[in-house]
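# need a 3D model of the following:
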Amino acid sequence: MKRVYTSFNLKYFLYYWLPVLVWLGVIFWFSSQPSVHTSEIYWQDFTVKKSAHMTEYGILGILFYRALNKRQMDKKQALIATVLFALFYGVTDEFHQRFTFGREPAIRDVVFDTIGAGLVIYLIWKYLPKAPKKLKLLAKKLQLL
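Presented below is the predicted three-dimensional model:
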């Protein structure tokens with residue numbers, strides 16, 4: 001039986017929301033670092049950096065959805081809220097980069113951030129219920145289903 005949390009509960013906060021807050025801090029820390037070129041070839045540098053954006057926000061999407069999924073919230077609402085939160089945090093992240101030496105804000109980074117979270121959420125919604133049994137069991141252990 002799925003346990004539903006409706007009021008503040010320290011155990012719930014530590015288990016579900018603390019990982020979200022820690023990951024937000026990790027993203028903030030990465031954004032505080034001066035930009036580094038990963039390659040002298042533009043498309044390689046672009047690919048590595050945008051893949052990093054998508055991965056960071058994909059992980060954020062998983063953690064945020066997992067926390068919302070334990071509330072009395074419709075699954076579809078949780079999915080939409082997760083993508084909207086990733087969009088919001090991506091915008092604030094780019095604003096933060098405006099004040100970081102060697103960094104500059106870029107709308108396309110927000111787009112890649114949102115795509116990263118959206119892609120993960122789409123995979124959870126569309127393919128995880130149809131996944132092989134072992135993958136479903138893992139998803140249930142991670143409390144994504």
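
# mind listing what the most centrally placed residue in the chain touches?
By Cα atoms, centre = their mean, the mean C-alpha position of the chain lies nearest to Leu60, the distance being 1.9 Å. Neighbouring residues of Leu60 by Cβ atoms under 8 Å, 6 or more residues apart in numbering: 20, 23-24, 27, 86, 89, 116-117. For every residue, glycine as well, the C-beta is placed using N, CA and C.

# buried subset of those residues as a PyMOL selection?
Buried subset of the contacts of Leu60, written as a PyMOL selection, criterion 16 or more other Cβ atoms under 10 Å:
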select buried, resi 20+23+24+27+86+89+116+117
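
# right, and out of the contacts of Leu60, which lies closest to Glu104?
Comparing the contacts of Leu60 against Glu104 with Cβ to Cβ places Ile27 closest, at 17.0 Å.

# so where's the protein uncertain?
Judged against pLDDT under 70, the low-scoring parts of the chain cover residues 1-7.

# change it to 80
Counting by pLDDT under 80, the chain shows low-confidence ranges at 1-8, 35-40, 70-72, 143, 145.

# with just CA atoms, put stretch 129-145 into PDB.
Backbone C-alpha positions of stretch 129-145 (Å, rounded to 0.1, in the frame of the first residue of the first chain) are rendered in PDB as follows:
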ATOM      1  CA  PRO A 129       5.000   1.000 -16.900                       C
ATOM      2  CA  LYS A 130       5.700  -1.200 -20.000                       C
ATOM      3  CA  ALA A 131       9.300  -1.900 -19.000                       C
ATOM      4  CA  PRO A 132      10.600  -5.400 -18.200                       C
ATOM      5  CA  LYS A 133       9.800  -6.800 -14.700                       C
ATOM      6  CA  LYS A 134      13.300  -6.200 -13.300                       C
ATOM      7  CA  LEU A 135      13.300  -2.600 -14.400                       C
ATOM      8  CA  LYS A 136       9.800  -2.100 -12.900                       C
ATOM      9  CA  LEU A 137      11.000  -3.600  -9.600                       C
ATOM     10  CA  LEU A 138      13.900  -1.100  -9.600                       C
ATOM     11  CA  ALA A 139      11.600   1.800 -10.300                       C
ATOM     12  CA  LYS A 140       9.300   0.700  -7.500                       C
ATOM     13  CA  LYS A 141      12.300   0.500  -5.100                       C
ATOM     14  CA  LEU A 142      13.300   4.000  -6.200                       C
ATOM     15  CA  GLN A 143       9.600   4.900  -5.700                       C
ATOM     16  CA  LEU A 144       9.100   6.200  -9.200                       C
ATOM     17  CA  LEU A 145       6.000   4.000  -9.800                       C
END
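
# noted, bye for now.
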